[in-house]
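In: sequence isn't available, so here's the structure alone:
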């Protein structure tokens, strides 16, 4: 009995890692759709989000069953409640990738991002995707050091966001309102993906060390 | 012993209702700061958010203790896990009000919202605030009917968001990029507050009836 229980806990960790990889792919694909104005790839991100939602439901059901049937205490209880929160983060990250894909789709056949803004948006997407990739490793290997390094990536994301505002709000911005609005929202989506990645990493640090990093309210 | 436990469950509900009222006030105040360019009110929203964060921690600690010590099953377990999710929604709604307040503060002494956009933003804020108010009642009284009516408010929010885009992206928009970017983000913040309100209401419906409304993944 105890072994089946441990197997179920392991399955939840595996599912979280798989979901994180799915999210990472959604971030990469939605960005590809955005920067190449590829409606087909955008559609696929939007359709495939159902798989992330289904994975969330699977983890929730399993975690809830274990909570109800096994009455876990201490670290197992913390892990199961943590898993319930982590799937909520992951599902939101999937939704945010869908938002990116929808901006891409809305502007096809044009590329939503003006050329001089491409490096900034591309870098934001790369930082976000890297952070999601790091989170997968953090969850799989309980890699507390990897989690700490993500705070730096998050700082870079903030800088990129500020620099995108500087470019758009400059008098020399020649593209008018529509691309500026797109980029303000895209920047927000990537920033939120990064925030959720940091929040996931902090949860793992808390589960492994009992230590609260950053705002306690984030854990 | 059992009575102390029931008292603790009741205290969690009371705390959730209090937090919801705090969020409602944050939405109202941040909007007031926004539409009157009042830096002092904006500051207060930003400072007072610490109280919402503290309330979240209090509810989390209490819910977690009950999970660990009382080993609840069935509906109590569902309620406690639901409470952990609900405080996460409420904390985010507080953060989103802070974002509104920060846009207000950034543009002081100017009003961030151009005059012809004021009715739309004002209505968005009113709908959001009304939805948060409804949620407080839904939680306090397990008012399933109130929860269902919120889906209509959410539909109005979507329409307001679309109409704000129509105004900004019209060739006749005379205000340039900065106010458009502000309004795109403000619209997003109010829309997200509304989304979280709907998600809270759905959780209560699920707790009361066991019935999943809308996307299962939202519950």
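Out: Nice, I can see it. Only a predicted model underlies this, so the values are computations on that prediction, with no experimental measurement involved.
In: so, low pLDDT: which residues of chain A?
Out: With pLDDT under 70 as the threshold, chain A has low-confidence stretches at A:1-2, A:212-219.
In: quick check: residues of it near chain B?
Out: Listed as neighbours of chain B in chain A under the rule C-beta under 8 Å from any C-beta of the partner chain: A:53, A:56-57, A:64, A:67-68, A:71, A:73-74, A:77-78, A:81, A:84-85, A:88, A:91, A:165, A:168-169, A:173, A:176-178, A:180-181, A:184-185, A:188, A:215-217. Every residue, glycine included, has its C-beta placed from N, CA and C.
In: taking these, please make a ChimeraX selection of just the buried ones.
Out: In ChimeraX syntax, the buried subset of these is picked out as below (16 or more other C-beta atoms under 10 Å in any protein chain shown):
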select /A:53,56,57,67,71,77,78,81,84,85,88,91,165,168,173,177,178,180,181,184,185,188,217
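In: narrow the residues of chain A next to chain B to those in helices?
Out: In this view, these that belong to helices under DSSP state H are A:53, A:56-57, A:64, A:67-68, A:74, A:77-78, A:81, A:84-85, A:88, A:91, A:165, A:168-169, A:177-178, A:180-181, A:184-185, A:188.
In: what comes up buried for stretch A:107-122?
Out: Residues of stretch A:107-122 classed as buried under the neighbour-count rule (16+ other C-beta under 10 Å) are A:107, A:111, A:112, A:113, A:114, A:117, A:120, A:121.
In: and the furthest pair within those?
Out: Among those, the pair separated by the greatest distance (C-beta to C-beta) is A:107 and A:120, at 17.2 Å.
In: for the helix or strand hosting residue A:5, the distance to its chain's centre please.
Out: Secondary structure assignment for residue A:5, by DSSP states H and E: helix A:2-36. Relative to the chain's own centre, helix A:2-36 is displaced by 10 Å; criterion: C-alpha atoms, centre = their mean, to the nearest Å.
In: and stretch A:202-215, by the same measure?
Out: Taking the mean C-alpha point of stretch A:202-215 and that of its whole chain, the gap between them comes to 18 Å (C-alpha atoms, centre = their mean).
In: contact partners of that stretch?
Out: The contact list for stretch A:202-215, computed with C-beta atoms under 8 Å, 6 or more residues apart in numbering or on different chains, reads A:75, A:78-79, A:82, A:85-86, A:135, A:138-139, A:142-144, A:147-148, A:151, A:198, A:218-219, B:53.
In: and stretch A:185-195, by the same measure?
Out: Counting by C-beta under 8 Å, 6+ apart, residues outside stretch A:185-195 touching it are A:27, A:34, A:92-93, A:96-97, A:99-100, A:103, A:112-113, A:121, A:124-125, A:127-128, A:131-132, A:153-154, A:157-158, A:160-161, A:164-165, B:184-185, B:188.
In: what of stretch A:16-33?
Out: Counting by C-beta under 8 Å, 6+ apart, A:38-39, A:41-42, A:44-45, A:48-49, A:51-52, A:55-56, A:59, A:83, A:86-87, A:90, A:93-94, A:97-98, A:100-101, A:104-105, A:121-122, A:125, A:128-129, A:132-133, A:135-136, A:139-140, A:193, A:200 sit against stretch A:16-33.
In: show the buried residues in these.
Out: Applying a neighbour-count criterion of 16+ other C-beta under 10 Å, the buried members of the contacts of stretch A:16-33 are A:38-39, A:41-42, A:44-45, A:48-49, A:52, A:55-56, A:59, A:83, A:86-87, A:90, A:93-94, A:97-98, A:100-101, A:104-105, A:121, A:125, A:128-129, A:132-133, A:135-136, A:139-140, A:193, A:200.
In: residue A:111: what secondary structure?
Out: Taken by DSSP: H, G, I helix; E, B strand; the rest coil, the conformation at residue A:111 corresponds to coil.
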